[in-house]
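Asks: 3D, please:
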Amino acid sequence: MQHCKIVGIGHPRSGTKTTATLLQKSGLDVGHETIKKDGVVAWQLLAPYGPYPYITDFNSRPKFDYLIYNVRNPFDSIPSIVYTEDTKMPSFNFRLRECKIPLKENNPIENAIISISYFDKLIDEMQPHITFRIEDQSDKLFKFLKRQKIKINYTKIPKKKYNRRKHPNFEEMVLEFGDISYKCKKLFNNFCFKHGYLNKL
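Replies: Just a heads-up that it's a prediction; the model follows:
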């Protein structure tokens with residue numbers, strides 16, 4: 001089993017690539033879905049063992065010194081999840097099979113909400129050293145690294161659009177797939193409250 005200084009985990013379409021980029025801009029050699037000298041960021045590592053979808057160079061979660069958990073506003077991430085992570089995708093089936101997330105095949109909005117909520121619960125059980133919002137907390141991430149005496153280039157990251165894929169927004173998606181159950185609305189709202197997002201269904 002490999003050992004890394006840093007392992008990063010977040011839900012698919014919630015900013016793992018952005019997190020890897022932030023770490024790279026700070027001067028650390030951290031890969032996205034591939035292990036580099038200082039570590040790796042990959043949503044697949046929620047499961048301790050592979051084989052992992054889209055990853056070929058390792059088959060189990062590395063040991064690590066620091067676990068970083070990135071979150072993204074679900075109002076933005078859920079449309080991306082719905083339109084890119086359908087039931088035929090390896091990532092959907094891996095979450096269903098290996099991560100034991102109780103996904104259904106009816107309303108894809110509810111699937112996305114359930115998946116994000118279960119990721120949140122399971123990553124919390126791993127006791128991440130830091131959780132940060134990709135939209136506005138890059139400074140929190142860099143300050144954490146400095147407190148751990150990790151040598152970085154402290155860089156102010158300009159705000160940018162985190163999702164370049166073209167797809168309908170949250171409201172249009174609800175019109176397409178139908179309303180969301182009370183249970184899933186509660187999961188959504190709890191996630192937003194926990195991580196400081198102001199959205200509410």
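
Asks: going forward, measure contacts between C-alpha atoms and count neighbours the same way
Replies: Will do.

Asks: got any ranges where the protein has weak pLDDT?
Replies: Applying pLDDT under 70 to the chain flags residues 1, 105, 154-166.

Asks: most remote residue from it's center?
Replies: Here the chain has its C-alpha centre computed as a mean, and the residue farthest from that point, by Cα atoms, centre = their mean, is L175 with 25.7 Å.

Asks: elements contacting the strand or helix carrying it?
Replies: Taking DSSP states H and E as the criterion, the element that holds L175 is helix 170-177. Using 3 or more Cα pairs under 8 Å, 6 or more residues apart in numbering; DSSP states H and E as the contact test, the elements touching helix 170-177 are helix 74-84, helix 108-125.

Asks: so which residues make contact with the very next helix or strand once past it?
Replies: Using DSSP H and E, the helix or strand that follows helix 170-177 towards the C-terminus is helix 182-195. The contact list for helix 182-195, computed with Cα atoms under 8 Å, 6 or more residues apart in numbering, reads 71, 73-74, 110, 113-114, 117, 133, 198-201.

Asks: tabulate those residues (a markdown table), appending neighbour count and distance to L22.
Replies: Conversion of those to a markdown table gives the following (neighbours: other Cα atoms under 10 Å; distance: Cα to Cα, whole Å):
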| residue | neighbour count | distance to L22 |
| --- | --- | --- |
| V71 | 23 | 14 |
| N73 | 18 | 18 |
| P74 | 22 | 20 |
| E110 | 25 | 30 |
| I113 | 26 | 26 |
| I114 | 21 | 27 |
| S117 | 19 | 24 |
| R133 | 20 | 12 |
| L198 | 9 | 24 |
| N199 | 13 | 25 |
| K200 | 13 | 28 |
| L201 | 12 | 31 |
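
Asks: cheers, nothing more for now.
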